[in-house]
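Engineer: Give me coordinates for this.
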Amino acid sequence: MGPGSKSGNGGLFLKTNNMFRLFNRYIATNSKLVIRNIIFILLIFIVVFGLVTTFVFWFLQKGPPEVTVPNITGTELMEGLLILQKKKLNAFIDPRYFSEHAANVVVEQNPKAGSIVREGKGIRLIVSKGSIVSIVEDYTGKTNAYVQNRLQEIFSFQGKTIKLGNTTFVTSEEPQGTIIGQFPPPNTPITNVDTIDLVISAGKEIKAFTLKDLAGKKITDVMELLALRGVLVSVITEDIMDPSRNGLIISHTPGEGTVIRRGDNVTITVGYLPSEREREKLYARVLNFEVPAGLEKTDIRIVVADRIGEREIYNAENNGGDNISVPFKSYSNTTVYIYVEEGVYEVRKME
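Structural biologist: Modelled structure (predicted):
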């Protein structure tokens, strides 16, 4: 290694040594000022840290005001919910069946009355749905929708499936859509019951009405309406190519504005796609039958037979003297069997 290299290394060492001495001299001269600045910075840090910690703790601890849980056990559900609402408490409802508690009564609550909670707390309420149903209920005066909802509510919970069976519309003095009969009758044990048939009021009998324009309406809807009014319907089919017009009425005779009475005939032309066209006439009919006098709580059953097979159109309990009016649809050459107490009482032929 040459002399130049040695001289260079020595110069670097002297420069580093001089800088270290200057630093020591500065620290020795200004040590009190440096220490004081460090202490000051530390104090500021401690104060700020303390303030932040205190704020966070206060923020986490602070919440909605505390309230006392009211006692709503034994009250009606809506009344209990109003009480909780005034206390700004939420409710979680757990419905159950109880034989000893009426329906919609609060049976139990959690947290219990007197507990201290904050506003917005959820209170779990066990609410009675009434006794477990073991018999067929009386649906007289109710609607079809009510029965459907009721069957789903009570029997799905009990692990049994009971569905609506046949629905028959008859003219009566009761409001339209009101249930006026059912089978099985009320109080029948549900053990072997799978379906419930309903007899529903179609409203008061209309002896005469003015025919409206039926063009563009569904043939199924019009046939049911006319059948309920005792009108015999003849259907003539016509080929169409537009799927959106399939099953819609094209024209009818007599026309709009004609006064129609029970027993009159209305001929309707309906458009069908070639694949669904039916050449044979389909009739909307009404069967009128007076239950023999002197009978009480007698099972009346009516069966229709035509080219597509047999089907039951009525099955309900009636008393002697009752007038039954049942609308139905069938093809030509129809046979109607009327059963009284499971025996054939009358056979009618319809062309």
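Engineer: use CA for all of it now, contacts and neighbours both
Structural biologist: OK.
Engineer: Under a three-state scheme, what state does the spatially most central residue of the chain occupy?
Structural biologist: The centroid of the chain falls nearest to N149 when counting by C-alpha atoms, centre = their mean (7.8 Å). The local conformation at N149, judged by DSSP: H, G, I helix; E, B strand; the rest coil, is helix.
Engineer: repeat for the one 4 residues further on
Structural biologist: Taking three-state DSSP as the rule, one finds E153 in the helix state.
Engineer: about what we covered before: any idea how far the residue nearest to the centre of the chain lies from I162?
Structural biologist: 11 Å (C-alpha to C-alpha, to the nearest Å).
Engineer: what do you get for E346?
Structural biologist: E346 sits 32 Å away from I162, going by C-alpha to C-alpha.
Engineer: So which of those two has more stuff around it?
Structural biologist: Neighbours were counted for E346 and for I162 using other C-alpha atoms under 10 Å; I162 has more, 18 against 12.
Engineer: I'd say the more buried one and V193 touch.
Structural biologist: Yes - counting by C-alpha atoms under 8 Å, V193 is a contact partner of I162 at 6.9 Å.
Engineer: Going by residue numbers, what spans are strands in the stretch 251-351 of the chain?
Structural biologist: Under the criterion DSSP state E, counting those that start in this stretch, the stretch 251-351 of the chain contains strands at 259-261, 265-272, 282-290, 298-306, 309-318, 323-331, 334-340, 343-350.
Engineer: Tell me the strands beside the fifth one, with direction?
Structural biologist: Strand 309-318 sits in its sheet next to strand 298-306 (antiparallel), going by DSSP bridges.
Engineer: tell me how far the strand it pairs with is from the chain's mean position?
Structural biologist: 34 Å (C-alpha atoms, centre = their mean, to the nearest Å).
Engineer: Begin at 11, not 1, for the rest of this chat.
Structural biologist: Shifting the count to begin at 11 puts that one at strand 308-316.
Engineer: coming back round to it: so what pLDDT did the residue nearest to the centre of the chain get?
Structural biologist: On the pLDDT scale, N159 is placed at 82.
Engineer: How about the one 10 residues further on?
Structural biologist: Reported pLDDT at G169 in the predicted model: 59.
Engineer: Give me the domain ranges for this protein.
Structural biologist: The chain breaks down by automatic domain parsing into domains covering 26-61, 76-138, 154-211.
Engineer: Reformat those domains as TSV; add distance to V350.
Structural biologist: As requested, the domains of the chain are exported to TSV (distance: least, C-alpha to C-alpha, whole Å):
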stretch	distance to V350
domain 26-61	93
domain 76-138	39
domain 154-211	15
